[in-house]
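> All I have is the shape, not the residue letters:
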């Protein structure tokens, strides 16, 4: 009853694409997984929620526009498809004062740097890049390649390597927002990556402090010295307590169609990188991160995201299967492994 | 255990612990123990709003209200009185 996938010789849900190896999964007689059944009610409410969040963002922007001495919004900008499109949406729909911030993890594809350059230039957006030293990133990635230092729920959505990298990005972007008094922090999460109810969220000192402690506790295991400077200093929680921004991820509630997004980005001279794996449009480490996760957990770290998008009708099921169950590019896996000295 | 705690516990176990409630104590910190991450907190909020017909304000999104089954139950009690 359950679709069998020859590529991995594994049973997957007949409706979405979650595999039998996904934690907590069970299938009914029709081969549909418990996650699909659980999501049914939520999916019905998505159109209504999208409208609600669009209005909420309009209101929020009306309140904050021009109030900061610096920028209205800082965007975590990887140069990939989704964050590039987020940048374009914010520029075209709201004409905000935008600061785009990239994080150079030492594995950003060279084609992605071209995209970053072209998009920020075409959109007239200020751009800064943050690059920690190689020895720190190497330590973090080497450790996370070998061990899962993060809690199990986090690893349902991303590999340990990605979680470490994104944890630093989130922290640095928030830190910059606090220092520069920027009221909005934007991310390009796809509609499958984060639930719509988290699409607009006011951050606050106590919740962020607790999140940061959890991340620190995990990253300290990498034994990478000097990580402290990438986290929110304790004094910020009191001195900047009124500056804690709203986090937004607009792609959760704007129309999301990959082909149309790429077409629109092409007008900004953004090109699909040919040197990355099928799940990333900017990172040369991603295939290795996926490989390590698959070896340890026997499910792909992107399968939750893509399964969500299949359920929402954003990604065609067959396309989803291709993205998730195609073999990892061995050359890319070896490239990263070699650079990390593993 | 109160009905509210049972409902919250059941949601957490089903959505974040893959049905396995072994070792989950009602006073355990969701964030410290890695039971729920920052995204998950918002999923929990959505559940509370829908299940208990309340509205969670931005300033109420703090660990004191949401970071354990006990905290959530106390918060709900305060909201509903």
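Ah, there it is. Small disclaimer: the values here were computed from a predicted structure and weren't measured. Numbers count the residues shown, from 1 in each chain, chains lettered A, B, ... in the order given.
> What is the neighbour count of the nearest residue to residue B:2 once chain neighbours are set aside?
Leaving out its chain neighbours, the residue that sits closest to residue B:2 by Cβ to Cβ, 6 or more residues apart in numbering or on different chains is residue B:73, at 6.4 Å. Every C-beta, even on glycine, is put in place using the N, C-alpha and C of the backbone. Residues lying near residue B:73 (other Cβ atoms under 10 Å in any protein chain shown) number 20.
> Same check on residue A:15?
Using other Cβ under 10 Å: residue A:15 sits among 21 other residues.
> Which residue of chain A lies farthest from its centroid?
residue A:29 (34.2 Å; Cα atoms, centre = their mean).
> Assign it to helix, strand or coil.
Under DSSP: H, G, I helix; E, B strand; the rest coil, residue A:29 falls in the coil class.
> and chain A, which of its residues are near chain B?
Within chain A, the positions lying close to chain B (Cβ under 8 Å from any Cβ of the partner chain) are A:23-24, A:38, A:150-154, A:157, A:194-195, A:197-198, A:201-202, A:204, A:206-207, A:210-211, A:213-214.
> Next step: those residues restricted to strands.
A:201-202 (DSSP state E).
> Sort out which of the residues of chain A next to chain B are buried, if you could.
Taking 16 or more other Cβ atoms under 10 Å in any protein chain shown as the criterion, what is buried in these is A:24, A:150-151, A:153-154, A:157, A:194-195, A:197-198, A:201, A:204, A:206-207, A:210-211, A:214.
> got the end-to-end distance for stretch A:292-308?
Stretch A:292-308 has an end-to-end distance of 22 Å (criterion: Cα to Cα, to the nearest Å).
> gap between the closest residue to residue A:167 other than its chain neighbours and residue A:154?
Distances taken as Cβ to Cβ, 6+ apart place residue A:215 nearest to residue A:167, at 4.7 Å, with adjacent residues excluded. For residue A:215, the distance to residue A:154 equals 10 Å [Cβ to Cβ, to the nearest Å].
> how much space is there between residue B:63 and chain A?
Separation of residue B:63 from chain A (Cβ to the nearest Cβ, to the nearest Å): 5 Å.
> Burial check on that residue, number of neighbours?
Neighbours of residue B:63 (other Cβ under 10 Å): 19.
> Excluding sequence neighbours, find me the nearest residue to it.
Residue B:63 sits nearest to residue A:210 (Cβ to Cβ, 6+ apart), 4.9 Å away.
> wait, doesn't the one you found sit right on residue B:61?
No: Residue A:210 lies out of contact with residue B:61 (Cβ atoms under 8 Å); the separation is 11.2 Å.
> check contacts around residue A:289.
With contact taken as Cβ atoms under 8 Å, 6 or more residues apart in numbering or on different chains, residue A:289 is in contact with A:144-145, A:159-162, A:301, A:336.
> If we use 10 Å, what do you get?
Residues in contact with residue A:289 (Cβ atoms under 10 Å, 6 or more residues apart in numbering or on different chains) are A:107, A:141, A:144-145, A:158-165, A:277, A:279-280, A:283, A:301-302, A:328, A:333, A:336.
> Look up which helix or strand it falls in, please.
In this structure, residue A:289 sits in helix A:286-297 according to DSSP states H and E.
> can you check residue A:74 too?
Counting by DSSP H and E, residue A:74 is found in strand A:73-76.
> Check residue B:43 too.
Here residue B:43 is assigned to helix B:38-52, by DSSP H and E.
> does chain A sit close to that helix?
Yes: Helix B:38-52 lies within reach of chain A by Cβ under 10 Å from any Cβ of the partner chain, at B:38-47, B:49-50.
> Check which element follows that helix along the chain.
As assigned by DSSP H and E, the chain's next helix or strand after helix B:38-52 is helix B:63-66.
> Now do the same contact list for residue A:191.
Residue A:191 neighbours (Cβ under 10 Å, 6+ apart): A:46, A:50, A:82, A:199, A:249, A:251-256, A:305, A:308-309, A:312, A:314-315.
> quick one: which of those residues sit in helices?
With DSSP state H as the criterion, helices contain A:46, A:50, A:82, A:305, A:308-309 from among the contacts of residue A:191.
> Closest one to residue A:324 out of those residues, please.
Distance to residue A:324, by Cβ to Cβ, is smallest for residue A:305 among the ones in helices among the contacts of residue A:191, at 9.5 Å.
> so that closest one makes contact with residue A:190?
Yes: assessed by Cβ atoms under 10 Å, residue A:305 is found in contact with residue A:190 at 6.4 Å.
> Mutual contacts of those two, please.
The contact sets of residue A:305 and residue A:190 overlap at residue A:315 (Cβ under 10 Å, 6+ apart).
> follow-up on the earlier one: now the residue nearest to residue B:2: which helix or strand?
Short version, using DSSP H and E: residue B:73 is in helix B:69-80.
> What residues sit buried inside that helix?
So helix B:69-80, judged by 16+ other Cβ under 10 Å, has buried residues B:69, B:71-73, B:75-76, B:79.
> repeat for stretch A:41-48
A:42, A:46.
> With stretch A:124-134 instead?
Neighbour-count burial for stretch A:124-134 flags A:125, A:127, A:130, A:132 (criterion: 16+ other Cβ under 10 Å).
> same check, this time on stretch A:78-94
Judged by neighbour count using 16+ other Cβ under 10 Å, the buried positions of stretch A:78-94 are A:78-91, A:94.
> returning to what we had before: which residues are in contact with each of residue A:215 and residue A:154?
Taking Cβ under 10 Å, 6+ apart as the criterion, residue A:215 and residue A:154 both touch A:163, A:166-167, B:37-38.
> How far does stretch A:220-238 sit from its chain's centre?
In this view, stretch A:220-238 has its centroid 21 Å away from the chain centroid, taken as Cα atoms, centre = their mean, to the nearest Å.
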